[in-house]
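J.: the following comprises the amino acid sequence and a computationally predicted model.
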Amino acid sequence: MYDLKITGGTVVDGTGADRYRADIGVKDGRIVEVRRRSGGDAGLEGSENPAAQTLDATGRIVAPGFVDIHTHYDGQVSWDPLLEPSSLHGVTTVVGGNCGVGFAPVSPGREQWLIELMEGVEDIPGSALAEGITWEWESFPEYLDAIEKRPLAVDFGTQIAHGAVRGYAMGDRGARNEEATEHDIAVMARIVREAVEAGALGFSTSRTEGHRAVDGEAVPGTYAVEQELFGLGRAMALGLAREGHNVVAVGHIDADVAEVKVATGGANFAGQVLPLVADLRQPAECDRVVAMTRTPISDAILMAAWPRADPAPRTTSVWPGEIARFPHSALHAVA
């Protein structure tokens, strides 16, 4: 007996295959049968295939949930269990912590600064954030613990954001984009590694001057020098390695070898499979980074990238593998 049957729907399974009519049987939270239907085939309908619940999907699309890899629910997740509007549109997994902005770690008394940073960059009303965010945390692991206690309608994952890390470790100096000292970098590296080991998907920063707080200051980290980026990338890589993950290198159009090395913390991943974030419109980018790094790249996450001269945002995120993956080989077929 099934816990759930979905009958009569048109299945679009996300593999690129043609859509088809099928019935789906679910038991113990897993799809245990997909039975194709054609002509007068009854599929899973009928008493011989009983289910505790049956949904008639005739005339509707049945598809896997969408994974939205670029959201800014970092504050809303602390008060809205539905994470609307994403959950209303078939999204079942969202990823926060993008663009170098987020709400953890946070020093007591600096909450409003983080709110104004998010408001300026993403145009999310600061009044809503101030009223809604619960602030049950200081460190990033405490933030994850607070979110984990909430019953959410969709899965939520997040990166640790460079802006929040800089503000926490360096105070006003970090907020003003002053150059980090060796001590500052060491402190930030410990925070990043701790976050990744606690469950952060990775680390994000922003390199576009268009990302500015309410007071007009660029996102902390926008002008970070190589030593800082390498230090934080290396800390992230060490945290991911401890958790048994590969590292995702972020490739931009016109990226150079140094930028790719920053994304991997300068670590040596020769011979390992290293998924790459690249622009779907630029399949040659994957091939070029393979040649530059002499590292095999098997996958690309669907994420836009822009040339340096383009005014569009250029953000960097570094994640473990196995999330929102798209076959690299398919890029050549569809581009």
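T.: Received it, and whenever you're ready, just let me know what you need. Numbering: from 1, shown residues only.
J.: CA only for contacts and neighbour counts going forward, please
T.: Will do.
J.: which stretches in this structure count as strands?
T.: If DSSP state E is used as the criterion, the strands of the chain fall at 2-11, 20-27, 30-36, 51-56, 61-62, 66-68, 91-96, 155-158, 160-161, 203-206, 249-250, 276-278, 300-302, 315-318.
J.: identify whichever of those lies nearest to residue 125.
T.: For those, the distance to residue 125 is smallest for strand 91-96, at 17.1 Å, taking CA to CA.
J.: give me the residue ranges of the protein where confidence is low.
T.: Low-confidence segments of the chain (pLDDT under 70): 242-335.
J.: 80 instead?
T.: Scanning the chain for pLDDT under 80 picks out the ranges 39-42, 46-47, 237, 240-335.
J.: outline the domain layout of it.
T.: Following automatic domain parsing, the chain resolves into domains at 2-62, 66-334.
J.: return the distance of the first one from the chain's centre.
T.: Chain-centre distance of domain 2-62: 30 Å, with CA atoms, centre = their mean, to the nearest Å.
J.: and stretch 68-81, by the same measure?
T.: Average the C-alpha atoms of stretch 68-81, do the same for its chain, and the two points are 11 Å apart (CA atoms, centre = their mean).
J.: any chance you could list what contacts it?
T.: With CA atoms under 8 Å, 6 or more residues apart in numbering as the contact definition, stretch 68-81 has outside contacts at 83, 91, 93-98, 102-103, 122, 129, 132-134, 146-147, 150-153, 158, 324.
J.: about what we covered before: which of the domains of the chain sits most buried?
T.: Across the domains of the chain, the average number of neighbours (mean count of other CA atoms under 10 Å) peaks for domain 66-334, which reaches a mean of 19.
J.: would you turn the strands of the chain into CSV with distance to residue 167?
T.: Output for the strands of the chain, formatted as CSV (distance: least, CA to CA, whole Å):
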stretch, distance to residue 167
strand 2-11, 47
strand 20-27, 47
strand 30-36, 43
strand 51-56, 50
strand 61-62, 44
strand 66-68, 27
strand 91-96, 18
strand 155-158, 18
strand 160-161, 10
strand 203-206, 13
strand 249-250, 24
strand 276-278, 27
strand 300-302, 29
strand 315-318, 18
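J.: which one of the ones you listed lies closest to residue 111?
T.: Within these, the stretch nearest residue 111 is strand 160-161; the backing value is 14.6 Å (CA to CA).
J.: can you name the residues in contact with the closest one?
T.: 97-102, 104, 140, 192, 195-196, 200-205.
J.: how about the helices in this structure?
T.: Under the criterion DSSP state H, the chain contains helices at 111-122, 126-132, 140-148, 162-170, 172-175, 182-198, 226-242, 257-263, 283-293, 328-334.
J.: closest to residue 14 out of these?
T.: Distances from residue 14 to each of the helices of the chain were compared using CA to CA; the minimum, 13.0 Å, belongs to helix 328-334.
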